[in-house]
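> Sequence plus the predicted model coming up.
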Amino acid sequence: MLFNDWLKDDSKIVLFDGGFGTELLRRGILEPGKVPDMLNIENPDTIVEIHKSYYNAGSNMCHTNTFGSTPLNLRRHNLEERIEEIIEKALDNIQKACPPGSLVVGDIGPTGKFRPPVGTASSEEWHSSFATQTKLLEKGVDLFHIETISDLEEMLSAVRAVKKVSNKPIIASITYKKAKRGFFTIMGDPLEKCIHTLENENVDVIGTNCTLGSGDMLDLVKQAIDMTDIPISVKPNAGQPRLEGTKTHYDQPIEEFVRDIQEMINFGVKIVGGCCGTTPETISEIRKIIDLI
Amino acid sequence: MLLSQEQIFKDMMDSIVNLDEETAIDLASKAIKDNMNLIDVIEKGYAIGIQKVGELWEEGEFFLPELMRGAQIMQNCLDLLIPHLQKGSEEVSRGKVVIATIEGDIHSIGKTIVGTMLRAYGYEVHDLGADVPAEKIIDAAIEKDADIIGVSALLTTTMFGQKKIIEILKERNLLERFKVILGGAPVTRSWVNECNADGFAENAIDAVKLVKSMLGK
C-alpha cells in the first residue's frame, strides 16, 4: 500500500493539503451557518476545483470535504438523514480531482459534543457516530485523518471506531493550546500523555493541527519528537485570524510559515501541511522546499 | 472547639477550589442551620473560591472540566443558600443577563460556559440556547427586564448577526436600555467598535469581569 511505503521510506516527506473551510470562505461560497459538507452536494464544481488546486500545488494527499460529516454533528443542523448522500458526493468530488500516484484521505473532525462536566456526550455516543462516518468513507479513501480533536477521550473513541470498521492507516491529530506549563488540550490532557496514549492505540501517525500558528507548533514539535518513534504529522494555522469588514484575514507571511515547516522537517516531522488560513500557494511553496531535500 | 468565622469562610472557599462538592454542600447546610449571615457566606466564602478557580484557569493550571465543575458546585451551593437568605438581606442577584448564540450558529459550548460562570458569580442568567434570531433575543431581554444582552458567534459567517442586534435596538429605540456584549472566537475589539456594542470578552472569566464592571457590582 502506497501510504505505508511512504512511511517506510526515510527520505520521503509527505505533503498534505492546506485549509479547506478558509478556502470556501475566501471564495465566498459559504453562507452564514451553512455546513461546509453540504457543498459537496450543492456546489460540487467548486469542491472539485479546491481539491484540484491542492493536488496541482503538490499535495501528495488531500482530505475529503467531510470534516463535519458525523451523525452527531449533522443532527444539530437537522441534516443527519443526509449523511450517506453527503459522504457519497464528497468521495465523488475528490476522486474527480485525485491524480494517479496521489492519495485520498478520509477526513474525520470532532463531533462538537463534549463529555461531562462540559457537555453531555458519552464514549458510546462518540464511538457510534465515528463508526457510521468511517463505514461510509471506507470504500473511497486510502487512509483516515482524525483531526482537530481537543479531548483525548473523544480521540480514543474515534481511533477505536475507525479500527473496528477499517484496516486502513490512521493519522490521529490533536489540537493543543500553549499554556505556561507546556502544551495541553483544552480539556487538560498534556502533550506527553496524548502521545503515549496514541502510541498504545497503535495509530500509524501521531499528529497535531489547528489553533497553533507555525511558530508555536515548531516549539511543540521540538518536545514531541523526543517522546515517540511513531511518525509525526503537523498542520499549523497561518497565524491568527483577523477580521476586517466582512472578510477574515490571516496575515502571517507565507515565507515565515514555510521557514517554520522547513525547521519542523529538519527536526524529523514526516508529514506536513496547513490548516486554517493556508492556501494552495502555501502548499506550492512547501512543495518547493521538499523537492530540494 | 468552635471554628472561627474566618476559618469557616476559608473552608468554603477551599471546597470550591478543591472541587469537593460534598464538603461544599455540608458547609452550606451547616451555615443555614447555624443561622450564619448567608450573604457573608456567599461573598466571603464561596465567591472567593470560584474567583480562585477562574484565576487558576486563566493561569493554565485548571482546564475546562475543572472550570465547569467548580461553577456547577458553586451553583448548587447558591441554590441551597438563596431560599434561606435572611429577611432584609439585600437582593443576592447582582443583575440580569440574557445570553444566546446568534441565528445560524449552533455552537453553544462557549456561551454555556459563560452562562455557568455568570450564574456562579450570582448573576441571574437566561440562556436562550443556540441559533437564536436577533429579534427573539431582544424580546427575551425586554420580557426578563435584563441589564445585559450577551451574544456569541463562533463563525466569521454568523458574527454579522451580532451587529444586527444593535441595529434592531437602535430602530426600536432601546439602545439605552441594555448593554450589549459580544463573545466568540472570531470577535475582536475592532469588531465590537464596528458594531457599536458595549464590550467584548475573550473568555468566560473576562465575561464575568466585564459584566461586573458594567453593573458596578
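Alright, I've got the coordinates.
> excluding its backbone neighbours, what's nearest the residue nearest the centre of chain B?
With distances taken as C-alpha atoms, centre = their mean, chain B has residue B:118 as the residue nearest its mean C-alpha position (0.8 Å). For residue B:118, ignoring the flanking residues on the chain, the nearest one in space by C-beta to C-beta, 6 or more residues apart in numbering or on different chains is residue B:125 at 5.0 Å. Where you see a C-beta, it was placed from the backbone N, CA and C, and this is true even at glycine.
> just checking, the one you found touches residue B:115?
Yes - using C-beta atoms under 8 Å, residue B:125 and residue B:115 qualify as a contacting pair, with a distance of 4.8 Å.
> Which residues are in contact with each of the two?
Between them, residue B:125 and residue B:115 share the neighbouring residues B:97, B:99, with contact defined by C-beta atoms under 8 Å, 6 or more residues apart in numbering or on different chains.
> what's near enough to touch residue A:71?
A:80, A:83, A:128-129, A:132-133.
> Mind checking which of those are buried?
With burial judged by 16 or more other C-beta atoms under 10 Å in any protein chain shown, the buried subset of those is A:83, A:129, A:132-133.
> Distance to chain B and pLDDT added to the residues you listed, as CSV?
Output for those, formatted as CSV (distance: C-beta to the nearest C-beta, whole Å; pLDDT from 0 to 100):
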residue, distance to chain B, pLDDT
A:83, 16, 98
A:129, 16, 98
A:132, 19, 98
A:133, 18, 98
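> Sort out for me which of those are in helices.
Among these, the residues falling in helices (DSSP state H) are A:83, A:129, A:132-133.
> same question for the strand or helix carrying residue A:291, mean pLDDT?
With elements delineated by DSSP states H and E, residue A:291 resides in helix A:280-292, which encompasses its position. Average pLDDT, helix A:280-292: 97.
> In chain B, where is pLDDT below threshold?
Counting by pLDDT under 70, chain B contains low-confidence ranges at B:1-2, B:86-92, B:217.
> Up against chain A, what does it have?
The interface of chain B toward chain A, taken as C-beta under 8 Å from any C-beta of the partner chain, is made up of B:59-66, B:68-69, B:72, B:103-107, B:109, B:113, B:131, B:155-161, B:186, B:188, B:190-191.
> 7 Å - rerun?
Taking C-beta under 7 Å from any C-beta of the partner chain as the contact definition, chain B meets chain A at B:59-60, B:63-65, B:68-69, B:72, B:104-106, B:109, B:156-158, B:160, B:186, B:188, B:191.
> Just the endpoints, please. Distance across stretch A:8-19?
Terminal residues of stretch A:8-19 lie 27 Å apart, using C-alpha to C-alpha, to the nearest Å.
> Next, count neighbours for whichever residue of chain B sits closest to chain A.
When C-beta to the nearest C-beta is the measure, chain B has its nearest residue to chain A at residue B:104, with 2.7 Å between them. The burial metric for residue B:104, expressed as a neighbour count using other C-beta atoms under 10 Å in any protein chain shown, is 20.
> Once you drop chain neighbours, what's closest to it?
Closest residue to residue B:104 apart from its sequence neighbours, by C-beta to C-beta, 6+ apart: residue A:33 at 2.7 Å.
> if I've got this straight, the one you found is in a strand?
No - with DSSP: H, G, I helix; E, B strand; the rest coil as the criterion, residue A:33 is assigned coil and is not in a strand.
> number of nearby residues for it?
17.
> residues in contact with it?
For residue A:33, the contacting residues are B:104-105, B:157-158, by C-beta atoms under 7 Å, 6 or more residues apart in numbering or on different chains.
> three-state assignment of residue B:197?
Following three-state DSSP, residue B:197 is assigned to coil.
> correct me, but it touches residue B:183?
No - the pair residue B:197 and residue B:183 fails to qualify as a contact (C-beta atoms under 7 Å) at a distance of 10.3 Å.
> So which of these two has more stuff around it?
Comparing residue B:197 with residue B:183 by other C-beta under 10 Å, the one with more neighbours is residue B:183, at 27 against 20.
> So the more buried one sits against residue B:114, correct?
Yes - with contact defined as C-beta under 7 Å, residue B:183 reaches residue B:114; the gap is 6.3 Å.
> who touches both of these two?
Between them, residue B:183 and residue B:114 share these contacting residues under C-beta under 7 Å, 6+ apart: B:150, B:207.
> ok, which stretches of chain A are helices?
A:2-8, A:21-26, A:39-42, A:44-57, A:71-76, A:83-97, A:123-138, A:152-165, A:191-200, A:214-224, A:254-267, A:280-292.
> looking at these, which has the lowest confidence?
helix A:21-26 (a mean of 89).
> Buried residues in that one, which are they?
Applying a neighbour-count criterion of 16+ other C-beta under 10 Å, the buried positions in helix A:21-26 are A:21-26.
> which residues touch residue 23?
Let's take chain A. A:50, A:279.
> You answered for a different chain; I wanted chain B.
By C-beta under 7 Å, 6+ apart, the residues touching residue B:23 are residue B:15.
> And it, which helix or strand is it part of?
Counting by DSSP H and E, the element that carries residue B:23 is helix B:21-33.
> buried set for that helix?
By neighbour count with 16+ other C-beta under 10 Å, helix B:21-33 contains the buried residues B:21, B:23-25, B:27-28, B:31.
> if we can go back for a sec, next one: the residue nearest to the centre of chain B from residue A:286, what distance?
With distances taken as C-beta to C-beta, to the nearest Å, residue B:118 is found 44 Å from residue A:286.
> same question, residue A:183
Applying C-beta to C-beta to residue A:183 and residue A:286 gives a distance of 23 Å.
> domain parsing for chain B?
B:5-84, B:96-215 (automatic domain parsing).
> Find the closest residue to chain B in the stretch 1-150 of chain A.
When distances are taken as C-beta to the nearest C-beta, the stretch 1-150 of chain A reaches nearest to chain B at residue A:33, 2.7 Å away.
> on that earlier part again, save the contacts of residue A:33 as a markdown table, and put in secondary structure too.
Rendered in a markdown table, the data for the contacts of residue A:33 read as follows (three-state DSSP):
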| residue | secondary structure |
| --- | --- |
| B:104 | coil |
| B:105 | coil |
| B:157 | coil |
| B:158 | coil |
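> Tell me who's in contact with the residue lying closest to residue A:285 once chain neighbours are set aside.
Distance criterion C-beta to C-beta, 6+ apart; nearest residue to residue A:285, sequence neighbours excluded, is residue A:258 at 4.8 Å. The contact partners of residue A:258, taken as C-beta under 7 Å, 6+ apart, are A:285-286, A:289.
> can you rerun that using 8 Å?
Under the criterion of C-beta under 8 Å, 6+ apart, the contact partners of residue A:258 comprise A:282, A:285-286, A:289.
> Would you mind measuring from it to residue A:18?
On the measure of C-beta to C-beta, residue A:258 and residue A:18 end up 12 Å apart.
> what do the two both touch?
When contacts are counted by C-beta under 8 Å, 6+ apart, residue A:258 and residue A:18 have residue A:282 as shared neighbours.
> Close to chain B: what parts of chain A are there?
Taking C-beta under 8 Å from any C-beta as the test, the list of chain A residues beside chain B reads A:25, A:30-34, A:76-77, A:112, A:114, A:117-119, A:179-181, A:184-188, A:241-243, A:246, A:248.
> could you flag which of the residues you listed are buried?
Among the residues of chain A next to chain B, those buried by neighbour count (16+ other C-beta under 10 Å) are A:25, A:30, A:32-34, A:76-77, A:112, A:114, A:117-119, A:184-188, A:241, A:243, A:248.
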